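Undergrad: Fold the following, please.
(one chain, ligands or ions: 3)
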Amino acid sequence: MVLYFSATGNTKLIAKKLAEHLGDESFDLLQRIKNRDYSSLHSDHPFVICSPVYVSELPSFFSEYLRKVSLTGCREVYGILTDGGYAGIAGAQLGRIIRQKGMNFKGYAEFKLPSNHITNRSHAEIEEAEITKRIDASLNKVEDVANEIRRGGFFKNRHIFLLEYLVTVPVAPVLCYVNQTTNGFWTKESCISCGKCARLCPLNIIEIRDGKPVWKEPRCAHCMSCIQNCPVEAIEYKDITEGRRRYTAP
Ligand SMILES: Cc1cc2nc3c(=O)[nH]c(=O)nc-3n(C[C@H](O)[C@H](O)[C@H](O)COP(=O)(O)O)c2cc1C
Ligand code: SF4
Ligand code: SF4
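TA: Residues are numbered from 1 along each chain as shown. Ligands and ions are numbered 1, 2, ... in the order given. This next block holds a predicted model:
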């Protein structure tokens, strides 16, 4: 069973293609994460857990979900990470969570895709040609990854240096605390009150009041789902996102 969380479609694209190649089912965890539903998921085939990388780690709400959910049946687990080019310590984190569940972690495959981090000032807008190149290269890689999983092999992962842990573990939470605020989100008149942003928020912190989204908590995961998926591009963040092209995977 291929399990995934995806805010802007990169991880979903890979998860769906992988499931297709494996002849297995894919399962979108969004509703389970939103509802804090940790009821068991069963698979007779290896679990394949697919996640984006946030600030060199797994999204914290996703690691919390994985720690708490009960996975029954097959004891083998593979990881899939999608990112803009640097997975940091996310794969090692996933491995630790899986081993703590008493399951057998068989490594992870990494897919470099367009970064969706539009609220980050240093986020560089990627050319259309580069977007296509990354997506094509990732789709070409899916079959090899599926074959390895079917064979029951291990993914050989790069060594994660001590320095990467020493920097990421203390710094990532501080960066998230400082940058991932919600008071920077604002909505333009063009909002059509469709409620999609509220439905997609994995943390359930958006409420539609008087036809407009309201962010109920001071901080969130900055997953980019609301701002990137709004059908009329009505959500902005500070003065950073105006005029920037929105991105969701094909
Ligand atoms: C808050 C946040 C932090 C991110 N941090 C990283 C990172 O550390 N390294 C990286 O390569 N990409 C990073 N990205 C880019 C995403 O990992 C990448 O675009 C991913 O494929 C998005 O997956 P999705 O479309 O399934 O949501 C970050 C994106 C967000 C929103
Ligand atoms: S998704 Fe966009 S249009 Fe729909 S309610 Fe949210 S801000 Fe408004
Ligand atoms: S408010 Fe928007 S960016 Fe923040 S967690 Fe919810 S959907 Fe993601």
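
Undergrad: what mean pLDDT would you report for stretch 217-234?
TA: Stretch 217-234 carries an average pLDDT of 97.

Undergrad: buried ones in it?
TA: 219-230, 233-234 (16 or more other Cβ atoms under 10 Å). All C-beta spots, glycine's among them, are computed from the backbone N, C-alpha and C.

Undergrad: With stretch 56-68 instead?
TA: Ser56, Glu57, Leu58, Pro59, Phe61, Phe62, Ser63, Tyr65, Leu66.

Undergrad: In TSV: those residues, plus pLDDT, secondary structure and distance to Lys141.
TA: Listed next are the buried residues of stretch 56-68 as TSV, based on pLDDT from 0 to 100; DSSP: H, G, I helix; E, B strand; the rest coil; distance: Cβ to Cβ, whole Å:
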residue	pLDDT	secondary structure	distance to Lys141
Ser56	94	coil	21
Glu57	95	strand	23
Leu58	97	coil	21
Pro59	97	coil	22
Phe61	97	helix	27
Phe62	98	helix	22
Ser63	97	helix	24
Tyr65	98	helix	26
Leu66	98	helix	24
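
Undergrad: tell me which residues of the longest helix seen in the chain are tucked away?
TA: Selection of the longest helix in the chain by residue count, based on DSSP state H, yields helix 128-151. In terms of neighbour count (16+ other Cβ under 10 Å), helix 128-151 has its buried residues at Ile131, Arg134, Ile135, Ser138, Lys141, Val142, Val145, Ala146, Glu148, Ile149.

Undergrad: How about the contacts made by the spatially most central residue of the chain?
TA: Centroid-nearest residue in the chain, with Cα atoms, centre = their mean: Pro52, separated by 2.9 Å. Going by Cβ atoms under 8 Å, 6 or more residues apart in numbering, Pro52 touches Phe5, Ser6, Ala7, Asn10, Thr11, Pro59, Leu81, Thr82, Asp83, Asn116, Cys223.

Undergrad: Likewise for Asn116?
TA: For Asn116, the contact set (Cβ under 8 Å, 6+ apart) comprises Ala7, Thr8, Asn10, Pro52, Met224, Gln228, Tyr247, Thr248.

Undergrad: any idea which element the closest residue in space to it that isn't next to it in sequence lies in?
TA: Distance criterion Cβ to Cβ, 6 or more residues apart in numbering; nearest residue to Asn116, sequence neighbours excluded, is Thr8 at 4.1 Å. Thr8 is part of no helix or strand, with elements assigned from DSSP states H and E.
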